[in-house]
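> Based on what follows, work out the 3D shape:
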Amino acid sequence: FASGHSQNVYASQDLVASVNVGYKYDQTSGEWGSATFIQGFDISGAAPKPFSYAELSGAPLNQYSVDLYKNHLRVVTTESQWWPERKTLNKLWVLKLPERGPLIAASNPKMELTGETGHLGKPNEEVFAVRFMRDKAYIVTFEQTDPFYVLNVTDPTNPIVIG
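Numbers count the residues shown, from 1 in each chain. As a prediction, the model looks like this:
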């Protein structure tokens with residue numbers, strides 16, 4: 001069973017991670033927020049075996065927002081709030097995969113949060129692109145500002161932009 005809707009699948013030589021996006025309820029604030037639910041599958045054997053999971057705030061942009069390096073899953077997410085005011089929170093999360101083995105992962109399948117950043121970017125910017133290369137993460141943030149136009153349409157044959 002996977003919470004949320006399937007956002008993407010990350011695959012490496014021995015791991016497949018199903019990355020699903022949905023919502024979770026914060027009992028402290030009484031609000032719902034976007035969340036990423038990750039299920040890790042060990043594919044080193046003849047058949048895939050579920051062995052780990054994680055839950056993070058926010059949602060990844062795409063499949064390039066997830067990467068495995070030295071047994072750590074790295075995920076970049078954006079959490080957006082639209083009301084009562086516009087706010088975003090972009091973060092890089094680093095999760096250590098549990099050890100694998102016939103009985104090891106079953107005892108503690110949760111990925112361990114080993115590191116995270118504060119907000120990346122300026123206020124209201126969202127993640128626009130992510131690439132990981134070995135021990136580096138390259139992240140581009142961007143603020144989309146929609147233009148607002150006022151038109152005078154008194155004369156239906158001649159609409160005029162007035163502001």
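> So for stretch 44-52, what gets flagged as buried?
F51, S52 (16 or more other C-beta atoms under 10 Å). Using the backbone N, CA and C atoms, a C-beta is placed for each residue, glycine as well.
> Give me the contacts around that stretch.
Here stretch 44-52 makes contact (C-beta atoms under 8 Å, 6 or more residues apart in numbering) with 13-14, 16, 38-42, 97-98, 100, 105-106, 109-111.
> Please flag which of those residues sit within strands.
V16, I38, Q39, G40, F41, D42 (DSSP state E).
> and the fifth one, what is it in contact with?
Same thing as F41. L15, V16, A17, S18, P48, K49, P50, F51.
> Return the member of the residues you listed nearest to L73.
A17 (6.6 Å; C-beta to C-beta).
> before we move on, back to that, buried ones only from the contacts of stretch 44-52, please, as a PyMOL command.
Buried subset of the contacts of stretch 44-52, written as a PyMOL selection, criterion 16+ other C-beta under 10 Å:
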select buried, resi 38+39+40+41+42+97+98+100+105+109+111
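> ok, so of the contacts of stretch 44-52, who is nearest E85?
If you rank those by distance to E85 using C-beta to C-beta, I38 comes first, at 29.6 Å.
> Near K70, how many other residues are there?
K70 has 9 neighbouring residues, counting by other C-beta atoms under 10 Å.
> What separation is there between the residue nearest to the spatial centre of the chain and A47?
Geometric centre of the chain, nearest residue: P60, 2.4 Å, by C-alpha atoms, centre = their mean. Going from P60 to A47 by C-beta to C-beta, to the nearest Å gives 27 Å.
> Next: N152.
From N152 to A47 the distance is 68 Å (C-beta to C-beta).
> name the element the spatially closest residue to K110 that is not a sequence neighbour belongs to?
Using C-beta to C-beta, 6 or more residues apart in numbering and skipping residues adjacent in sequence, the residue nearest K110 is Y53, 6.2 Å away. Following DSSP states H and E, the helix or strand that holds Y53 is strand 49-57.
> Who does the helix or strand that that strand is followed by pair with, and is each partner parallel or antiparallel?
With elements assigned by DSSP H and E, the helix or strand that comes after strand 49-57 is strand 66-69. Strand pairing for strand 66-69, determined by DSSP bridges: strand 72-81 (antiparallel).
> Next, the angle strand 72-81 makes with the strand holding Y53.
Here strand 49-57 runs at an angle of 40 degrees relative to strand 72-81 (axes from the mean of the first three to the mean of the last three C-alpha atoms, to 10 degrees).
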